[in-house]
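Undergrad: The sequence and its predicted three-dimensional model are supplied below.
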Amino acid sequence: MATVLNPPVIVIVGGIGAALGEMVGYTLGVTGSHALEGGRLCSRFNALAERRFGIAIFAFAAFPLPFDIAGIWAGAVRYPAWKFFVIVAAGKTLKITLISLAVYHELNAFSQGVLK
């Protein structure tokens, strides 16, 4: 699709769509957080969430990592949903941009006979 459709539209729609999809894991974390409350592990997660949690969420979203863990964790520690969505959308947009660029250049090289 990177060669047929408008690449900026693909990137923006893809980033927002991926972020919306990740809200499922976030919601699971919110609804299941009562199981963790009061535990030692929950207090450690809360302490970690206060420091540089946004950077960790962005890294999980931008790189091919198992993101569901980060979404559930963010929901469980009650990380603000709007911040979570914005950070995930930015990370997923970066990831989709890189994938679209790679596919576009690969197909161009293939069509020009460079990759035979």
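TA: Yep, that arrived.
Undergrad: only C-alpha atoms for contact and neighbour calcs from this point on.
TA: Fine.
Undergrad: ok, longest helix in this structure?
TA: helix 81-111 (DSSP state H).
Undergrad: List the buried residues for it?
TA: 84-97, 100, 104, 107 (16 or more other Cα atoms under 10 Å).
Undergrad: Okay, helices next: where are they in the chain?
TA: Using DSSP H, helices in the chain cover 7-32, 40-50, 53-62, 67-76, 81-111.
Undergrad: can you put those in JSON lines and add mean pLDDT?
TA: Shown next, in JSON lines, are those (pLDDT from 0 to 100):
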{"stretch": "helix 7-32", "mean pLDDT": "89"}
{"stretch": "helix 40-50", "mean pLDDT": "67"}
{"stretch": "helix 53-62", "mean pLDDT": "86"}
{"stretch": "helix 67-76", "mean pLDDT": "84"}
{"stretch": "helix 81-111", "mean pLDDT": "84"}
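Undergrad: wait, what's in contact with G29?
TA: 71-77 (Cα atoms under 8 Å, 6 or more residues apart in numbering).
Undergrad: What subset of these is buried?
TA: 71-77.
Undergrad: How much space separates the residue nearest to A61 when sequence neighbours are not counted from G75?
TA: Nearest non-adjacent residue to A61, counting by Cα to Cα, 6 or more residues apart in numbering: G91, 4.8 Å away. Distance, G91 to G75, using Cα to Cα, to the nearest Å: 18 Å.
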